[in-house]
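Visitor: show me how the following folds:
(one chain, ligands or ions: 1)
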Amino acid sequence: MRKAILTVVWLALAAMPGMALSQSIIIKFPHDLAPTTPKGQGADYFKQLVEERLPGRVTVEVYPSSSLINDQASLEALAFGEIQMIAISLSKLDRLTKRFQVFDLPFLFADMEQVEAFQNGAVGQELLRELEGRGLLGLTYWHNGTKQLTAGTPLRVPADADGLEFRIMDSDVLLEQIRAIGGNPQKMPFSEVYQALQMGAVDAQENTWSNIYASKFYEVQEFITETNHGYIGYFVAVNPDHWRGLPEDVRNVLEQSLAEATQFVNTTAVAINDEARADIVASGRNTLIALTPDEREQWRAAMRPVWDMFADDIGAEVLEAAGAAGH
Ligand code: LMR
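Guide: As a prediction, the model looks like this:
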């Protein structure tokens, strides 16, 4: 009899969401990249730290390579509380707010130090809270690296891009950037890019060395032009209601673990990208195109008008802070 009652109580508790007997808090953290990339390693390191420090209390479920959800859909899923954490490319926030478009302006950031100074400054930190009212609370930024152009044909000067179909992330700045060099931009989730390149649905794309290597784009794109024309980094965000509803001691550990994971990602991202570049060279499959200063200047000059198209949307305060971070 006693056993039967216990079974009934157990079943009733197990059926109640949030009242699981184990009391374990689940943090679903899907992302679009391979585990070897800076983001992939950062997500796994965060999971390791959290689960070591809060054994049995918190489980971080990392889903790499868009295995749970694709990058675009993850924004809504986080806002609706279906998942608890994301690390999405800053470019993909474009349809929610215009101020993040600053990160996509071609040739704006001279190096990663400038990006970091901007992100750590007052305006960069304020941007993390920009989307809180939309169900996305930014906690930190993670770096990937600078973008290169890949194509099935050599891209040495902007005229070589004329008429080519380019896959881009979901960003209007990137759309205009590709138009500025004469290409036809196609917005597409990351999970579809390899196949689109392989099937010839698009001719070219832009990405970091670590993404080009880990997602095997180098196997289906012979030419890689080392332009370093833009930045890819991530908005690491949580659902604000879920976050604030966590027990304070748990949230403190999550914050500390995230700070350490951020430190890890942002100090190793350059090396991970350098290693990916070396692996691509070692594969012997590709022709790498190193630009002369004059050729690089041609790309910069062709893309530079894009700044003026978006200056008003981004706002003077953000633009000035990004520019000043370079000094
Ligand atoms: C892309 O979609 O090309 C990249 O943003 C993927 C990523 O997350 O770095």
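Visitor: which secondary structure element of this protein has the lowest mean pLDDT?
Guide: helix 2-15 (a mean of 44; mean pLDDT, DSSP states H and E).
Visitor: so what touches the very next helix or strand once past it?
Guide: Where DSSP states H and E defines the elements, the next helix or strand beyond helix 2-15 is strand 25-30. With contacts defined as Cβ atoms under 8 Å, 6 or more residues apart in numbering, strand 25-30 is touched by 43, 46-47, 50, 57-64, 66-69, 74, 77, 82-87, 246, 250, 254. From N, CA and C alone the C-beta is placed, and that goes for glycine too.
Visitor: next step: these restricted to strands.
Guide: 58-63, 85-87 (DSSP state E).
Visitor: out of these, grab the one that's most surrounded.
Guide: Within the ones in strands among the contacts of strand 25-30, most neighbours by other Cβ atoms under 10 Å means A87, with 29 neighbours.
Visitor: what number of residues lie near L254?
Guide: 24.
Visitor: residue contacts, the closest residue to the ligand within the stretch 101-250 of the chain?
Guide: Minimum separation of the stretch 101-250 of the chain from the ligand (Cβ to the nearest ligand atom) falls at F190, amounting to 3.5 Å. Applying Cβ under 8 Å, 6+ apart, we find F190 in contact with 32-33, 66, 70-71, 169, 211, 215.
Visitor: need the strands for the protein, in chain order.
Guide: Applying DSSP E to the chain gives strands spanning 25-30, 58-63, 85-89, 137-146, 148-151, 165-168, 184-187, 204-207, 223-226, 231-238, 287-290.
Visitor: could you export these as CSV, including distance to the ligand and mean pLDDT?
Guide: Output for those, formatted as CSV (distance: least, Cβ to the nearest ligand atom, whole Å; pLDDT from 0 to 100):
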stretch, distance to the ligand, mean pLDDT
strand 25-30, 11, 98
strand 58-63, 13, 98
strand 85-89, 3, 98
strand 137-146, 5, 98
strand 148-151, 11, 98
strand 165-168, 8, 98
strand 184-187, 10, 98
strand 204-207, 5, 98
strand 223-226, 15, 98
strand 231-238, 5, 98
strand 287-290, 19, 98
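Visitor: redo those strands as a markdown table? Include distance to E113.
Guide: Formatted as a markdown table, those follow (distance: least, Cβ to Cβ, whole Å):
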| stretch | distance to E113 |
| --- | --- |
| strand 25-30 | 28 |
| strand 58-63 | 29 |
| strand 85-89 | 20 |
| strand 137-146 | 11 |
| strand 148-151 | 20 |
| strand 165-168 | 26 |
| strand 184-187 | 29 |
| strand 204-207 | 22 |
| strand 223-226 | 19 |
| strand 231-238 | 12 |
| strand 287-290 | 22 |
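Visitor: P154 - how many residues pack around it?
Guide: For P154, using other Cβ under 10 Å, the count is 13.
Visitor: same check, this time on M199
Guide: Neighbour count of M199, defined by other Cβ under 10 Å: 9.
Visitor: ok, Y218 next?
Guide: 21.
Visitor: repeat for E176
Guide: By other Cβ under 10 Å, 18 other residues sit near E176.
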